[in-house]
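J.: Give me a 3D structure for the following:
(one chain, ligands or ions: 2)
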Amino acid sequence: TEIGRLISSYLVKEKNLEDHAVHLLFSANRWEHVPSMREKLHQGITLVVDRYAFSGVAFTSAKENFGLDWCKQPDIGLPKPDLILFLQLSPEEAAERGNFGNERYENSSFQEKVLQSFYHLMKDKTLNWKTMDASKSIEDLHREIKTVAEETMQEVQNKPLGELWK
Ligand SMILES: Nc1ncnc2c1ncn2[C@@H]1O[C@H](COP(=O)(O)OP(=O)(O)OP(=O)(O)O)[C@@H](O)[C@H]1O
Ligand SMILES: Cc1cn([C@H]2C[C@H](O)[C@@H](COP(=O)(O)O)O2)c(=O)[nH]c1=O
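T.: Ligands and ions are numbered 1, 2, ... in the order given. I've put the predicted structure just below:
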């Protein structure tokens, strides 16, 4: 989408955007997909969503003068995930993996702040957070994710779709 392209040029540092504005753009980029997400979910299709609103809150609240509550507001009411997988890897190990350091936000001190924001978000017991050890091999991690995802799909198949942070 146009918003998506604008965000991409911000992330690769081609464009600078004001911090509040970019936070709202990330959220708008989620909201513009909600009608098609709802349609697919009602057809029984399982959605795997990379990052979603939790990255929105964790990354913006890691900036100076942004509280967690303000950061959550624009994403309140999005489709609520049945399972949130947090792939945990130390900032040091992440930095050793391919391509780290080129994008905006990819420096270890900022990533450490983001990690603390994620720990805060994970305290919310109304959400089904599961932490996976991302230092494992791709194959082992894949197996574990598949198992927990399939269990969740079984559990929730007849449950109504919830609204995030409501
Ligand atoms: N379990 C793993 N073990 C070893 N290397 C991995 C593993 N998972 C991913 N990688 C490698 O780490 C690099 C980053 O992986 P990937 O792009 O999947 O991360 P990501 O978390 O999706 O990053 P971002 O969301 O910031 O784009 C890639 O080079 C990928 O091949
Ligand atoms: C969803 C979302 C993401 N971000 C940040 C987090 C990452 O640094 C990038 C996304 O990188 P990817 O390689 O495309 O996964 O954007 C953010 O600041 N706010 C958000 O809502």
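J.: Please count neighbours and contacts with C-alpha atoms only from this point.
T.: OK.
J.: Can you give me every residue that contacts residue 27?
T.: 53, 56, 74, 75 (C-alpha atoms under 8 Å, 6 or more residues apart in numbering).
J.: Which one of those is nearest to ligand 2?
T.: residue 56 (3.0 Å; C-alpha to the nearest ligand atom).
J.: Buried ones in the helix or strand hosting the closest one, by neighbour count?
T.: For residue 56, the element it lies in under DSSP states H and E is helix 52-61. Buried residues in helix 52-61, counting neighbours by 16 or more other C-alpha atoms under 10 Å, are found at 52, 53, 54, 56, 57, 58, 59, 60, 61.
J.: can you pull out the strands in the chain?
T.: 84-88, 129-133 (DSSP state E).
J.: which one of those strands lies closest to ligand 2?
T.: Among the strands of the chain, strand 84-88 sits nearest to ligand 2 (C-alpha to the nearest ligand atom), with 12.5 Å.
J.: Up against ligand 1, what does the chain have?
T.: Neighbours of ligand 1 within the chain, by C-alpha under 6 Å from any ligand atom: 97, 98, 134, 135, 136, 137, 138.
J.: Could I have the CA atoms of the lowest-mean-pLDDT helix or strand in the chain written out in PDB?
T.: Ranked by mean pLDDT, DSSP states H and E, the weakest helix or strand in the chain is helix 91-96, scoring a mean of 83. Extracted as PDB, the C-alpha positions of helix 91-96 are listed here (Å, rounded to 0.1, in the frame of the first residue of the first chain):
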ATOM      1  CA  PRO A  91      20.500  -8.300  20.900                       C
ATOM      2  CA  GLU A  92      24.200  -9.500  20.700                       C
ATOM      3  CA  GLU A  93      23.200 -12.700  18.900                       C
ATOM      4  CA  ALA A  94      20.700 -10.800  16.700                       C
ATOM      5  CA  ALA A  95      23.500  -8.400  15.700                       C
ATOM      6  CA  GLU A  96      25.600 -11.300  14.500                       C
END
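J.: got a list of what the residue positioned nearest the centre of the chain touches?
T.: Taking C-alpha atoms, centre = their mean, the centroid of the chain lies closest to residue 51, which sits 2.4 Å from it. For residue 51, no contacting residues are found, by C-alpha under 8 Å, 6+ apart.
J.: rewinding a little: roughly how far out does the helix holding residue 56 sit from the chain middle?
T.: Once both centres are worked out by C-alpha atoms, centre = their mean, to the nearest Å, helix 52-61 turns out to sit 6 Å from its chain's centre.
J.: now do stretch 55-70
T.: That offset, for stretch 55-70, works out to 13 Å (C-alpha atoms, centre = their mean).
J.: Specify which member of the buried residues of helix 52-61 is nearest to residue 106.
T.: residue 59 (10.9 Å; C-alpha to C-alpha).
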